[in-house]
Every structure is written in C-alpha cells, then in structure tokens.
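Undergrad: need a structure here:
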Amino acid sequence: MFKTKKRTLPTTITIDPIHHTYYSSQEEVLTQRYDIRAEENQETYSFLSPNSFITEVISVSKNIPEEDLFDIIETKIYDILALDMTTKYNIQYIEVDTQDNEDRLFNVFVLHPDELNSLFEKSVEKFEYIDMIIPSALLFKGLYSKGLIETSNVHCFIYIQKDDAVLTLYNNQNFIYTKSLKFTINQLHERFCELLGEQIDVTSFYSLLEHEGLSTNNSQYQKYLIQLFGELFLYIKNDLLPHATRENEIEKIDTLYFGTELGPILGLSDFSRTYLGINSKKFDFDYGFKSKQHSIDQLHQLLQLYSNEAEHKKYICNFSNYNRPPAFIKRESGRLILLIAASIIFAISYPFYFIAQSYTEDIKRNLLSSDYSSIHQQRVEREALLIGTQKKYNDLIALKDEEKNKFVVKQKTLSEVYQIKSNYPMKAKLIAELSKDLNHYKVKIVELDYNEKSKKIFTLKIQAKKHTNITRLIQYFTKEKNNSFKFTMDDITYDKTDDIYKSELKVALR
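TA: All right, here's what the predicted structure looks like:
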C-alpha cells in the first residue's frame, strides 16, 4: 500500500521586534517558539511601536484619481513635516471616515528607512521575509470585528510592555490617535526602586505586578505602587488626553482598557476609574486561542487575530520591505536553468526533426504527382476565365481610385473638424484646474457663471475665512497662469454676519 503524505497546515508566526519573542499558531493553538527559523509553509507578521514613526492627518481633494493619490499624499507629507528630500521615507496611510463632500482625510504613517532596518535586524537574520509589518495601534481594530468590543463609543487602549508602552484612541470602531508612553514596565521598576530607596530584582517586580498588584499586603510596596501609577495617570490626564481629545474634537472618553504584557494588574482598574473619572476595564480578552502558557502578550494575540481577518475588516498598512523570494521562473537563476534545459532538449531533438521532415516531404511529393493531371486541366480552364476576369478587375480598380479620391476629400474635412474640436479648451477641465488652486488656498466657490458671447469668461463668486487667502490666490494666478488666463477682480468685501470675505473673480481665456 502507498502511504499518503499528510498535508501540512499553514503556520502563522508573530514577531515582537523589541523583545525578540516569537509565537506560532496552527489550528488556533499558540506556542512560544525559541528555535524559530524560516519555513516555506508559514506567514510572518510583526508590528511597529508609535515611537518608531510619525503620524499626521492630511486632506486630499476627492477629484484626485486613485492612481495619483499616493504621489499627492507623499508630496504633502514631505512639505508638512519638512522631511529630507534626499531620503526615501516609507509612507503608508489609511482613509478616515468623514462627512466632508469635497475632501478625503487620511491618517498617514511616516517611517525612516534606517529605523525599520535597525528594529528588524535580528528578526530578519532568522527569517528570509516578513509578510506584514503594521503599526500596533491598528491591531485594536480586530477587537471590534471579532465582537470582543461591541459598542461604538470612544475607547482608550493603554498597553504597557517591558520596554514599550502605547496609548491609542478609537472612535466608533475607527482609529484616530496613538502615542508612545514614557512609562514602560522596566521604567516603572526603576522609579519604584527610586521611591523605595533600595534596589529590588526586576523579576521580583514583575512577580509583584503579576500576582499582587495594588492589592499587595506589603503596605510600603502598595504605597509606592499607588504613587507610581498615580504619576502615570497624571501624565495621561494632564498631557495626553486633553491634546488628543481637542485635536480629534472628542467630548469625552467612554471606556479605558488598561493592560500589560504581564497580564491584568489587580486593583488597577478601580484606581484608574477613581483617578481619571473614566469607566475602566481590564485589557484582557478571550481571543479563542488555546495555549499551555499562563499569560501571552496581547500584541501577539492581536497579530494572530489580524492574520485570520478578512481583508475588508482590517486596516491594510504594510511597512514590510522584506518580501518573499520571487517564483522560480521569475528569478534570474531560474530563467538561466530553464534556458539551459531548453537548449539541451532542442539540441537533442534537432536531428530527429529533420529526419521526420524528410519522410513527410516524400509523402507529399507522391501525393502531388498523382494529382497533377487533374489539376493541370483545371488550370487551363481557369486561365481562360482569368482573362475575362482581368478586364472586370481593371474596371473596378478605376472605380476604386475614383472613390478613394472622394474619401481623401472627406477625410481632410473630418480632420479639420477634429483639430478644431481637440484644440478647443474644455470648460470642465478648466474648472477642475481652477478648483484645485482654490482648494489649495482655502478659497471656496459660491457661484459660477460662464459667458462666451465676445470672449470666453468665467465669473466666480468666491469667499474665504481670511482676506490673505484671496490676495495670495490672486498673486499666484497673476504670476503663474497669466499666459493662459486674464484675471480681473474689483474689490474684496467683508460680511460681518457670516464673518467671511467675499469677492468676484473674472477669468478670461487668452
């Protein structure tokens, strides 16, 4: 009997580039791996902490085609952040839901190429490729699509690891803000030892947080832990949350989820609720994975959750430059091997081809000889027919030349019509060109009129929040577009009722 080879299911590997920890999942079982190495039948996922990249929200006109979108975003982000033009930054973005009818909003993430290489240097030594590297803040989207958080209010996620900490805000299940915290577990340990006045082992500090937390029986430890987390919440309350809520026009935060790499800290949710005045819960969810370990880093579980999500339910924002090797036939070495193999096959088959061709020609010659007599008789009859047909052909040629001359005349007429049509400036194109410049200088069109009785003239009634927006627009038009248009403006009026400046701009085509 033949043995059937058991099919190997695909494995998902998650990578923590800061702590260099690795987890694999197969059939929803998570296992921490130490002897990790690259394998063919696996997918690799990792994340970026907010301290690795810059975030910025920018707007882009809805008139921009999709194929030009990245170039526009890249140009704007280099200008807004004053980035070094000689450096090729890794730029990714996600679109923000907005009610704006004119512009699209994007959360843009900017990463310096050196940052990516230094962060993933050790991980790349173990793997030939990393399929996905995503900002950690975007992983929380899976909590909603998985149904682990059902409400659509404003949620704040605080997650602290040994060497990293992040605060992230979501509004109506959509990412809006993220920021690194200066309170990692190791930094908390250093501050705790400073308050205590003596050095305690970091492993003992981990155990204190994991098993006792703020409910510890050691009154001195409890006192300093409360002071320690009080400093953390004071920083969040006074520095981070006011800026984040003001920038994103949020009235209040409905729920705060606080978690650590070590697991939930006893008593911290109640302390957070009292200190911040925000409904606080443990950042501890049942993702549906099985494991023999007591506690698994939440970011590894979020990455595993992300890898299983459908494309339309998750954010696509991939910073990975470590792509899988191309298919064999797309590699230079593969093409060379295939070329050598094809040459050998051709060299072997070449003599046999001519032998077969010789036999085929002999058979064809014998068949043609037997058919010659009947074909010769047909030839004589058809030559006689051809003489009569030749006369008809000459007549048709003369007729064709006559019709061709008529066609040339019509073609010339149509060409002239087309030249007039194609060279006529289209109103829609000109309006789009003017609208792009108006949007750039934050000037709105209230009314538009077009007249071409004597000259082709657009009359635009415009308005802006600032007087300088209109004057800078006119300076730009007269300087950059004076060769194509003639611009006329009488005056700029101020409407006290609407607190806005208005004017009438006439644009004549030259």
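
Undergrad: now the strands for the stretch 1-150 of the chain?
TA: Along the stretch 1-150 of the chain, counting by DSSP state E, counting those that start in this stretch, strands occupy 11-16, 21-26, 29-33, 42-48, 54-61, 90-96, 103-111, 132-135.

Undergrad: I'd like those laid out as a markdown table, including mean neighbour count.
TA: All C-beta spots, glycine's among them, are computed from the backbone N, C-alpha and C. Shown next, in a markdown table, are the strands of the stretch 1-150 of the chain (neighbours: other C-beta atoms under 10 Å):
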| stretch | mean neighbour count |
| --- | --- |
| strand 11-16 | 22 |
| strand 21-26 | 20 |
| strand 29-33 | 15 |
| strand 42-48 | 23 |
| strand 54-61 | 16 |
| strand 90-96 | 18 |
| strand 103-111 | 19 |
| strand 132-135 | 23 |
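
Undergrad: wait, which of those strands is closest to Lys486?
TA: strand 54-61 (25.5 Å; C-beta to C-beta).

Undergrad: what pairs with the closest one, and is each one parallel or antiparallel?
TA: Taking DSSP bridges as the criterion, strand 54-61 forms sheet pairs with strand 103-111 (antiparallel).

Undergrad: how far off strand 42-48 does the partner strand point, in degrees?
TA: Inter-element angle recorded for strand 103-111 and strand 42-48: 100 degrees (by axes from the mean of the first three to the mean of the last three C-alpha atoms, to 10 degrees).

Undergrad: residues making contact with strand 103-111?
TA: 48, 52-62, 64, 73, 77, 81, 83, 89-96, 98, 135, 175-176, 317, 319, 439 (C-beta atoms under 8 Å, 6 or more residues apart in numbering).

Undergrad: As TSV, the strands of the stretch 1-150 of the chain with distance to Ile158 would be great.
TA: Formatted as TSV, the strands of the stretch 1-150 of the chain follow (distance: least, C-beta to C-beta, whole Å):
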stretch	distance to Ile158
strand 11-16	18
strand 21-26	21
strand 29-33	23
strand 42-48	16
strand 54-61	17
strand 90-96	22
strand 103-111	20
strand 132-135	16
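
Undergrad: With distance to His312 and mean pLDDT as added columns, please give those strands in TSV.
TA: Shown next, in TSV, are those (distance: least, C-beta to C-beta, whole Å; pLDDT from 0 to 100):
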stretch	distance to His312	mean pLDDT
strand 11-16	20	89
strand 21-26	22	86
strand 29-33	25	85
strand 42-48	18	91
strand 54-61	22	92
strand 90-96	13	94
strand 103-111	18	94
strand 132-135	16	94
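
Undergrad: right, and these - which one's nearest Asp395?
TA: The minimum distance between Asp395 and the strands of the stretch 1-150 of the chain falls on strand 54-61, with 64.2 Å, by C-beta to C-beta.

Undergrad: Buried residues, stretch 206-226. List them.
TA: For stretch 206-226, the neighbour count (16 or more other C-beta atoms under 10 Å) marks 206, 208-210, 212-214, 216, 221-222, 224-225 as buried.

Undergrad: An error on my part: the question was meant for stretch 458-465.
TA: Under 16+ other C-beta under 10 Å, the buried positions of stretch 458-465 are 458, 460, 462-464.

Undergrad: go on, stretch 470-480?
TA: 470-474, 477.

Undergrad: of those residues, closest to Leu299?
TA: Arg472 (46.8 Å).

Undergrad: residues near the closest residue to Lys313 other than its chain neighbours, how many?
TA: Once flanking residues are discounted, Lys313 sits nearest to Ser145: 4.2 Å by C-beta to C-beta, 6 or more residues apart in numbering. Using other C-beta atoms under 10 Å, Ser145 has 16 other residues around it.

Undergrad: Report the contact partners of Ser145.
TA: Per C-beta under 8 Å, 6+ apart, neighbours of Ser145: 309, 313-314.

Undergrad: where in the stretch 151-300 of the chain is pLDDT low?
TA: Within the stretch 151-300 of the chain, not a single segment meets pLDDT under 70.

Undergrad: In it, what residue spans correspond to helices?
TA: 185-196, 202-207, 219-235, 241-247, 268-276, 298-308 (DSSP state H, counting those that start in this stretch).

Undergrad: Same question for the stretch 351-500 of the chain.
TA: Using DSSP H, counting those that start in this stretch, helices in the stretch 351-500 of the chain cover 427-440, 467-480.

Undergrad: Please list the residues outside the first one that contact it.
TA: What it means is helix 427-440. 61, 63, 102-103, 444-445, 448, 450, 458, 460, 462, 473, 476-477, 507, 509.

Undergrad: and with 6 Å instead?
TA: Ser61 (C-beta atoms under 6 Å, 6 or more residues apart in numbering).

Undergrad: hang on, His300 packs against Tyr22?
TA: No: counting by C-beta atoms under 6 Å, His300 stays clear of Tyr22, with 8.6 Å between them.

Undergrad: domains for this protein, by residue range?
TA: 1-148+285-325, 150-282, 334-423, 427-509 (automatic domain parsing).

Undergrad: Could you measure from the residue nearest to Lys313 over to Phe53?
TA: With distances taken as C-beta to C-beta, to the nearest Å, Ser145 is found 23 Å from Phe53.

Undergrad: With Thr44 instead?
TA: 20 Å.

Undergrad: same thing with Thr184?
TA: 18 Å.

Undergrad: now do Thr497
TA: Thr497 is 45 Å from Phe53, by C-beta to C-beta.

Undergrad: The two - which one has more neighbours?
TA: More crowded of Thr497 and Phe53, by other C-beta under 10 Å: Phe53, with 21 against 5.

Undergrad: Not counting sequence-adjacent ones, nearest residue to the more buried one?
TA: Looking at Phe53 with C-beta to C-beta, 6+ apart, the closest residue is Leu111, at 4.4 Å.

Undergrad: Any idea what that neighbour is bridged to?
TA: Leu111 forms beta bridges with Asn90, as assigned by DSSP bridges.

Undergrad: re earlier: Throw the contacts of Ser145 into JSON lines and include neighbour count, thanks.
TA: Putting the contacts of Ser145 into JSON lines (neighbours: other C-beta under 10 Å) gives the following:
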{"residue": "Glu309", "neighbour count": "14"}
{"residue": "Lys313", "neighbour count": "12"}
{"residue": "Lys314", "neighbour count": "18"}
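
Undergrad: In JSON lines: the residues you listed, plus secondary structure.
TA: Listed next are those as JSON lines, based on DSSP: H, G, I helix; E, B strand; the rest coil:
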{"residue": "Glu309", "secondary structure": "coil"}
{"residue": "Lys313", "secondary structure": "helix"}
{"residue": "Lys314", "secondary structure": "coil"}
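
Undergrad: Kind regards, and thank you for your time.
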